[in-house]
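Visitor: When you get a sec, could you give me coordinates for this:
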Amino acid sequence: MANNLLVSWINIGLIPFFVSLGVYLLYYRKFGGVEAARSMIALKCVLIGFAIWLIVIWLFLMESGISYMLVDAGGFLIIIALILIFEWKTKRGCLISEARDHA
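Guide: Numbers count the residues shown, from 1 in each chain. Take a look at the predicted model:
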């Protein structure tokens with residue numbers, strides 16, 4: 001573990017990005033279509049969540065004395081929330097477009 005919250009988050013927070021990148025490159029990229037597009041957008045959500053939490057740590061949490069585990073958990077929750085929001089909007093958009101097609 002690092003002595004600094006920023007360094008700790010950089011070390012731990014990039015793990016989901018590299019895992020998502022590896023899954024995309026090894027699996028979804030070959031299929032193309034919807035699977036590849038969803039995987040790429042999830043990869044972007046992970047990167048955006050990482051950056052948002054890095055900024056939050058830098059601006060608000062550096063001198064707070066909060067534990068490393070809570071900082072890392074907060075970052076992972078941001079990433080998960082972004083992915084869930086994307087999935088919800090995608091499903092909602094598909095349902096709306098299907099309803100328009102049937103009308």
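Visitor: Measure how buried Ile83 is and give me the count.
Guide: Neighbours of Ile83 under the rule other C-beta atoms under 10 Å: 18. To be clear about C-beta, it is placed using only N, CA and C from the backbone, and glycine gets the same treatment.
Visitor: buried set for the host helix or strand of it?
Guide: Assigned by DSSP states H and E, Ile83 falls within helix 68-102. By neighbour count on 16 or more other C-beta atoms under 10 Å, the buried set for helix 68-102 is Val71, Asp72, Gly74, Gly75, Phe76, Ile78, Ile79, Leu82, Ile83.
Visitor: wait, what's in contact with the closest residue in space to the third one that isn't next to it in sequence?
Guide: Nearest non-adjacent residue to Gly74, counting by C-beta to C-beta, 6 or more residues apart in numbering: Trp53, 6.6 Å away. Under the criterion of C-beta atoms under 8 Å, 6 or more residues apart in numbering, the neighbours of Trp53 are Trp9, Gly13, Gly74, Gly75, Ile78, Ile79.
Visitor: And Met40, by the same measure?
Guide: Met40 neighbours (C-beta under 8 Å, 6+ apart): Tyr24, Tyr28.
Visitor: count of neighbours near Ala42?
Guide: 20.
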